[in-house]
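Novice: Next one to model:
(chains A and B)
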2 protein chains.
Amino acid sequence: MNDNLKIIQEYLNQILPEQALWEKELIAYAKDNHVPIIEPISMNFITNLIKLVKPKNILEVGTAIGYSALSMHHAYPEAKITTLERDPEMILKAKENIANYSLNNHINLISEDALISLPKLINQKETYDFIFIDAAKGQYKNFFEYAMKLQNNSGVILTDNVLFKGYVTGKLTDHKRFQKLGEKINTYNRWLMENEKYDTSIIPVGDGIAFSIKK
Amino acid sequence: MNDNLKIIQEYLNQILPEQALWEKELIAYAKDNHVPIIEPISMNFITNLIKLVKPKNILEVGTAIGYSALSMHHAYPEAKITTLERDPEMILKAKENIANYSLNNHINLISEDALISLPKLINQKETYDFIFIDAAKGQYKNFFEYAMKLQNNSGVILTDNVLFKGYVTGKLTDHKRFQKLGEKINTYNRWLMENEKYDTSIIPVGDGIAFSIKK
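Specialist: Below you'll find the model as predicted:
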């Protein structure tokens, strides 16, 4: 049997537009240092969605080394981006990358656990028209519940890694820890698909992106 | 080796929201009568995109039995939908379905080959903010070139079946006719990814949807 998923993902990678130099450098750094960053084919979908929505304010939960924040920034430099990260090593590297590769001063990195920052942003009555969740997978439901409170009337919430290498399906049985986390994300996905305030599609690009819009 | 694509598509189908009665009836009819219609997981992505974009005018190339036109209509009943179909049998069935299942009089079926209708619509200076191409695969490039001329400043063009069961990759070698058509769609995809007026992502949902937005 062919692994059609692998064949198709390879094809989608092949036909992507050529990456800018800064993108190539960040992707190479992530690979060399085993930092998990979002796949370029997923990022391509997200940046095109941003070009369509033209959000004024973007919120990202989980900066890592800043690859996705910088990609969203280059897609629509007018957007103000707030991005949250708690890992000290990632914060240092992200700050360096943002200083080197952003076109203006529109990316604000908050160096704190998102579970602390998100309630603060709610108290400050901040709102966002595009929210991207790409952090601790065990906290997705919490993150999404905060995100709902931070959203403008029109807007999008994306969640990354919602297919988790296929382990959400319960059909892969070769890795106990992945199966357990997959089951947790599956519970999140089903909760999200039934959420009465949002319509959601799960897009099987890269590791799976949930694309949710306010009803 | 697992066919991860199949496992994931099954999962995505499982977690879809329950379909309305009219949808179930149309899907059952299509199955019984071997009419190829768009997969429900693809339709779910398209209808959520429509809820986000809120297009005033939608153009569809390829009505078939009206399932996708009716789905787009129910997603945003305010939209005016123009849909093109040349097959007399399909036209009859689509008219019946539109009469039975649409909420208002906003779906206009033009019973003519799209290659005749599209230049006419251009001459009439019609414009659309959401265009969905789901007709003869050998004509995709022609359809897209007409679509570019029919589009408003902000807007989306979608093309269905751009992964064509994986045959676009050139890695499947068990079906000569599919390989040939796959190669043709592959040429379209590469042309589309390099189109200087549009940014495109290929979304591997269902049989593959190209999601193009004006630069």
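Novice: Only C-alpha atoms from now on, for both contacts and neighbour counts.
Specialist: Fine.
Novice: And the helices in chain A?
Specialist: With DSSP state H as the criterion, chain A has helices at A:4-14, A:21-32, A:40-53, A:67-75, A:88-101, A:114-123, A:140-149, A:176-193.
Novice: and the longest one, average pLDDT?
Specialist: pLDDT averaged over helix A:176-193 equals 96, rounded to a whole number.
Novice: since we're on the closest residue to residue A:178 other than its chain neighbours, how many residues are nearby?
Specialist: Sequence neighbours aside, residue A:167 is the residue nearest to residue A:178 in space, at 6.5 Å (criterion: Cα to Cα, 6 or more residues apart in numbering or on different chains). Per other Cα atoms under 10 Å in any protein chain shown, the neighbour tally for residue A:167 reads 27.
Novice: try residue A:88
Specialist: Neighbours of residue A:88 (other Cα under 10 Å): 12.
Novice: Flag every residue of chain A that's near chain B.
Specialist: Residues of chain A lying close to chain B by Cα under 8 Å from any Cα of the partner chain are A:1-5, A:7-8, A:11-12, A:15-17, A:41, A:44-45, A:48, A:51-52, A:154-155, A:163, A:166, A:169, A:171, A:190, A:193-194, A:199-205, A:213.
Novice: could you dump the helices of chain A to JSON lines with distance to residue B:57?
Specialist: Below are these laid out as JSON lines (distance: least, Cα to Cα, whole Å):
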{"stretch": "helix A:4-14", "distance to residue B:57": "30"}
{"stretch": "helix A:21-32", "distance to residue B:57": "37"}
{"stretch": "helix A:40-53", "distance to residue B:57": "17"}
{"stretch": "helix A:67-75", "distance to residue B:57": "26"}
{"stretch": "helix A:88-101", "distance to residue B:57": "39"}
{"stretch": "helix A:114-123", "distance to residue B:57": "37"}
{"stretch": "helix A:140-149", "distance to residue B:57": "30"}
{"stretch": "helix A:176-193", "distance to residue B:57": "28"}
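Novice: In terms of mean pLDDT, which of these ranks lowest?
Specialist: For the helices of chain A, where the average pLDDT is lowest is helix A:4-14, sitting at a mean of 91.
Novice: Who are the packing partners of that helix?
Specialist: The helices and strands touching helix A:4-14, judged by 3 or more Cα pairs under 8 Å, 6 or more residues apart in numbering or on different chains; DSSP states H and E, are helix A:40-53, helix B:4-14.
Novice: ok, the residue nearest in space to the middle of chain A - contacts?
Specialist: By Cα atoms, centre = their mean, the mean C-alpha position of chain A lies nearest to residue A:134, the distance being 3.8 Å. If a contact means Cα atoms under 8 Å, 6 or more residues apart in numbering or on different chains, then residue A:134 has A:60, A:61, A:62, A:63, A:159, A:160, A:161 as its contacts.
Novice: Could you report the separation of it from chain B?
Specialist: 19 Å (Cα to the nearest Cα, to the nearest Å).
Novice: How about residue A:179?
Specialist: Taken as Cα to the nearest Cα, the span from residue A:179 to chain B is 15 Å.
Novice: on that earlier part again, quick one, which of the helices and strands packed on helix A:4-14 is nearest to residue A:96?
Specialist: helix A:40-53 (20.7 Å; Cα to Cα).
Novice: okay, the angle between the closest one and helix A:67-75?
Specialist: Angle, helix A:40-53 to helix A:67-75, by axes from the mean of the first three to the mean of the last three Cα atoms, to 10 degrees: 40 degrees.
Novice: Distance-wise, check residue A:73 relative to chain B.
Specialist: For residue A:73, the distance to chain B (Cα to the nearest Cα) stands at 16 Å.
Novice: Give me the neighbour count for that residue.
Specialist: 24.
Novice: Same check on residue A:195?
Specialist: 13.
Novice: now residue A:162
Specialist: For residue A:162, the count of nearby residues is 26 (other Cα under 10 Å).
Novice: Next one, pLDDT for it please.
Specialist: Looking at residue A:162, its pLDDT is 97.
Novice: Put the alpha carbons of the strand ranked longest in chain A into CSV.
Specialist: For chain A, the longest strand by residue count, based on DSSP state E, is strand A:151-160. Provided in CSV are the C-alpha atoms of strand A:151-160 (Å, rounded to 0.1, in the frame of the first residue of the first chain):
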residue,chain,number,x,y,z
GLN,A,151,-11.6,38.0,19.7
ASN,A,152,-13.2,40.7,17.7
ASN,A,153,-16.6,40.2,16.0
SER,A,154,-15.1,39.0,12.8
GLY,A,155,-12.2,36.7,13.0
VAL,A,156,-10.3,33.5,12.9
ILE,A,157,-8.7,31.2,15.4
LEU,A,158,-6.2,28.6,14.1
THR,A,159,-4.9,25.7,16.2
ASP,A,160,-1.8,23.9,14.9
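Novice: can you pull the buried residues of it?
Specialist: Neighbour counts over strand A:151-160 (16 or more other Cα atoms under 10 Å in any protein chain shown) mark A:151, A:155, A:156, A:157, A:158, A:159, A:160 as buried.
Novice: Specify the beta-bridge partners of the fifth one.
Specialist: Going back to what we said before, that points to residue A:158. Going by DSSP bridges, residue A:158 is paired in beta bridges with residue A:132, residue A:211.
Novice: what's the pLDDT at it?
Specialist: Value for residue A:158, per-residue pLDDT: 98.
Novice: So what's the residue count around residue A:58?
Specialist: Neighbours of residue A:58 (other Cα under 10 Å): 25.
Novice: How about it: which residues does it bridge to?
Specialist: Using DSSP bridges, the bridge partners assigned to residue A:58 are residue A:81, residue A:130.
Novice: ok now do it, which residues does it touch?
Specialist: Neighbours of residue A:58 in contact, by Cα under 8 Å, 6+ apart: A:79, A:80, A:81, A:82, A:128, A:129, A:130, A:131, A:132.
Novice: Include distance to residue B:71 and pLDDT when you put those into TSV, please.
Specialist: What follows is the contacts of residue A:58, written out as TSV (distance: Cα to Cα, whole Å; pLDDT from 0 to 100):
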residue	distance to residue B:71	pLDDT
A:79	33	97
A:80	35	98
A:81	34	98
A:82	36	98
A:128	29	97
A:129	26	95
A:130	25	98
A:131	27	98
A:132	27	98
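Novice: how about a markdown table for those residues, with distance to residue A:24 and neighbour count added?
Specialist: Conversion of these to a markdown table gives the following (distance: Cα to Cα, whole Å; neighbours: other Cα atoms under 10 Å in any protein chain shown):
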| residue | distance to residue A:24 | neighbour count |
| --- | --- | --- |
| A:79 | 23 | 19 |
| A:80 | 24 | 20 |
| A:81 | 22 | 24 |
| A:82 | 23 | 19 |
| A:128 | 29 | 25 |
| A:129 | 28 | 19 |
| A:130 | 25 | 27 |
| A:131 | 25 | 27 |
| A:132 | 22 | 25 |
